[in-house]
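Peer 1: fold the stuff below for me.
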Amino acid sequence: MTRKLAFTALVFLVLTSCSKQEAEKYYPIPHKGASWEYSLEAKQGDTVHKAKMSIHIDSEETINGKTYFKTVTAYSGMPGAEPDIEYERWTSEGIYAIDDKHKDMPEYLSTPFPLTVGKTWTTQAPDTQTQNSAVSIETLQLFDRKYENCLKISYKTQEKGTNIEGSVYLSPGIGMVKTVAKGAQLILEFTLDKYKP
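Peer 2: Below you'll find the predicted structure:
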């Protein structure tokens, strides 16, 4: 899995809808210590590889006079996969982000407010461009549980000639509960195992 696939998942972790009040419904305002643990399944042809991914809010950090939540994404069962670090902050206009390896560059708007079903927008990060669409409110049925009233986001990401597309499901009060990402020869699925507020 590339760093940018993980970044895509992380960006959509904080996707929200309608207004800040509605945003809190789909993703509680970040705070230090919150964490999410996921099962990750990568399919390439007939080969299936399973691993784990964890996302946690490590701390708050001031960059250029503004306060951001430092979010760390780490992996187990994926040799060579390095942790991803992002910095995010909430405003009335939406969620702004800075990539760890581009801390010297200006922040970019990753998620605009208000975000309603039917809205489309583009996220222009230093290394990627993502076309996003808020598709619907759905019930997500998994093997052993279901999440009702999920916000479904579809997206297409371009990075240096590589195209990735997929869908993200956000559950009220939790955030990202499932993501499916499809590349030319690879399908990735992230499914929430545990959420610690």
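
Peer 1: all strands of the chain, in order?
Peer 2: 35-44, 47-63, 66-76, 84-90, 94-99, 108-112, 120-124, 129-141, 146-159, 162-171, 175-182, 187-196 (DSSP state E).

Peer 1: now render those strands as TSV, adding mean pLDDT and mean neighbour count.
Peer 2: In short, each C-beta sits where N, CA and C put it, glycine included. Below are the strands of the chain laid out as TSV (pLDDT from 0 to 100; neighbours: other C-beta atoms under 10 Å):
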stretch	mean pLDDT	mean neighbour count
strand 35-44	94	17
strand 47-63	94	15
strand 66-76	95	18
strand 84-90	92	21
strand 94-99	91	22
strand 108-112	90	19
strand 120-124	95	13
strand 129-141	94	16
strand 146-159	93	18
strand 162-171	93	20
strand 175-182	94	21
strand 187-196	94	17
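
Peer 1: quick one: closest of those strands to Ile29.
Peer 2: Proximity to Ile29 (C-beta to C-beta) singles out strand 84-90 among the strands of the chain, at 6.6 Å.

Peer 1: just want the angle from that closest one to strand 47-63.
Peer 2: 50 degrees (axes from the mean of the first three to the mean of the last three C-alpha atoms, to 10 degrees).

Peer 1: just checking: what are the partner strands of strand 84-90?
Peer 2: Take DSSP bridges as the rule and strand 84-90 pairs in its sheet with strand 66-76 (antiparallel), strand 94-99 (antiparallel).

Peer 1: quick one: closest of those strands to Ala125.
Peer 2: Of all the strands paired with strand 84-90, strand 94-99 sits nearest to Ala125, with 6.4 Å by C-beta to C-beta.

Peer 1: tilt between that closest one and strand 108-112?
Peer 2: 140 degrees.
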